[in-house]
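Asker: Mind looking at a prediction? Sequence and model below.
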Amino acid sequence: MLSRGNLSIKHEPAQSRQTTAFYQLNAPPMYFSSLKAEPPKSPSFRKGSLNSFLKYCQSRRLDLAQFIEYYFTPIEESVFTVLDLETTGLDTQTNEILEITALKIQDDKILGTFSTLVKPIDSIPLESTRFHGITDKMIEEANAPEAPVALQQLYDFIGKDSRILGEAIHFDMKTLEQHVQRLQLSHLKDRLNPKKTICTFRLGLHNVPEALPLARKKHKEDPSYLMLDAFQEIFGLEKKNRHRSEGDALLTADVFRAILHRTRSNGYPLKTVADLYRHQKKHCSI
């Protein structure tokens, strides 16, 4: 389990929740059946082709020095930012962020925490509150900042060139991208690169094959049961404040470490960040 380091930072008392969004679909068969376990066609460059290699670095907004430092640092020495959002719905084009948590982790240490409720423009839908428990009254009592302020605080906390980690992280990244565009926060545009993300769902799909059937089965009985719950149950991890951003971020960090252990036990020598990117790309295409 993760333990908090001496550098822990708290911007708001955190009541946590989850990036429910991606899997929590009203049509679970569509979600689950859309997953593909076969390797996708991944971009490659010919051996010895310098131009192709430089284009590869450029597509990830990295110069050569950044490439070496960013991708080839040992996993245990790398700092990851575990990101989790709670929103009013699943449509990234129209939803509003209600809660944000970001944890900076290195190996089994939490180096810092940012967590805050966020004041939406409109009232929180009842169906959303039923899922994560966040109410308009909670937002008011916490004197929560509006989205532009909260996003600026989040981006300042994350910093540049951070390795973003999350469960179904593409939902969170797309939600942030749409908020930055919708709120015309041009100074935050391109601060986070969606190509620099690690998804615990994608990492675990191949190496924890029992998780998907378990999630499918229990999701039919309980729509709030998602892949993160399946990982938690399989690995026997502690679960607190499920479907709130801090609780889910903490659980995601624990799941990440458990998946790494399982992956290495399965014979995959994951040593560097580059290995993580290659592995999640090879074994899952969503």
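Answerer: That came through fine.
Asker: Thr197 and Phe256, how far apart?
Answerer: 12 Å (Cβ to Cβ, to the nearest Å). Every C-beta, even on glycine, is put in place using the N, C-alpha and C of the backbone.
Asker: need the helices for the chain, in chain order.
Answerer: 28-33, 50-59, 64-72, 126-132, 136-141, 147-158, 169-182, 200-207, 211-221, 227-235, 245-265, 273-283 (DSSP state H).
Asker: related to what we said a few turns ago, any common contacting residues for Thr197 and Phe256?
Answerer: Leu165 (Cβ atoms under 8 Å, 6 or more residues apart in numbering).
Asker: if we can go back for a sec, ok, which of the helices of the chain comes nearest Gln106?
Answerer: helix 245-265 (10.7 Å; Cβ to Cβ).
Asker: what is the orientation angle of that closest one with helix 169-182?
Answerer: 140 degrees (axes from the mean of the first three to the mean of the last three Cα atoms, to 10 degrees).
Asker: Just list what helix 245-265 packs against, helices and strands only.
Answerer: strand 79-87, strand 97-106, strand 109-117, strand 163-166, helix 200-207, helix 227-235 (3 or more Cβ pairs under 8 Å, 6 or more residues apart in numbering; DSSP states H and E).
Asker: how about low-confidence regions in the stretch 51-200 of the chain?
Answerer: 51-54, 56-67, 70, 161 (pLDDT under 70).
Asker: ok, 80 please
Answerer: For the stretch 51-200 of the chain, the stretches with pLDDT under 80 are 51-71, 160-162, 190-196.
Asker: re earlier: neighbour count: Thr197 and Phe256, which is higher?
Answerer: Phe256 (25 against 21; other Cβ atoms under 10 Å).
Asker: returning to that earlier point: I'd like the helices of the chain as CSV, with distance to Phe114 appended.
Answerer: Compiled in CSV, these are given as follows (distance: least, Cβ to Cβ, whole Å):
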stretch, distance to Phe114
helix 28-33, 29
helix 50-59, 29
helix 64-72, 22
helix 126-132, 18
helix 136-141, 17
helix 147-158, 4
helix 169-182, 14
helix 200-207, 19
helix 211-221, 29
helix 227-235, 20
helix 245-265, 10
helix 273-283, 22
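Asker: Out of the ones you listed, the one nearest Lys104 is which?
Answerer: Set against Lys104 and scored by Cβ to Cβ, those come closest in helix 147-158, at 7.9 Å.
Asker: which residues sit against the closest one?
Answerer: Residues outside helix 147-158 that contact it (Cβ under 8 Å, 6+ apart) are 9, 11, 81, 83, 96-97, 100, 102, 104, 112, 114, 116, 118-120, 144-145, 164, 176, 179-180, 183, 185, 188, 191-192.
Asker: Kindly recompute the last result at 7 Å.
Answerer: 11, 81, 97, 100, 102, 114, 116, 118, 179-180, 183, 185, 188, 191-192 (Cβ atoms under 7 Å, 6 or more residues apart in numbering).
Asker: Give me the distance between His187 and Tyr155.
Answerer: Going from His187 to Tyr155 by Cβ to Cβ gives 9 Å.
Asker: Which of the two has more residues huddled nearby?
Answerer: Set His187 next to Tyr155 and count neighbours by other Cβ under 10 Å: Tyr155 wins out with 19 against 10.
Asker: Let me see the contact set for the residue minimising distance to the centre of the chain.
Answerer: In the chain, the residue lying closest to the centroid (Cα atoms, centre = their mean) is Gly166, at 1.8 Å. Shown in contact with Gly166 (Cβ under 7 Å, 6+ apart): Thr19, Val82, Leu83, Asp84, Asp172, Cys199, Thr252.
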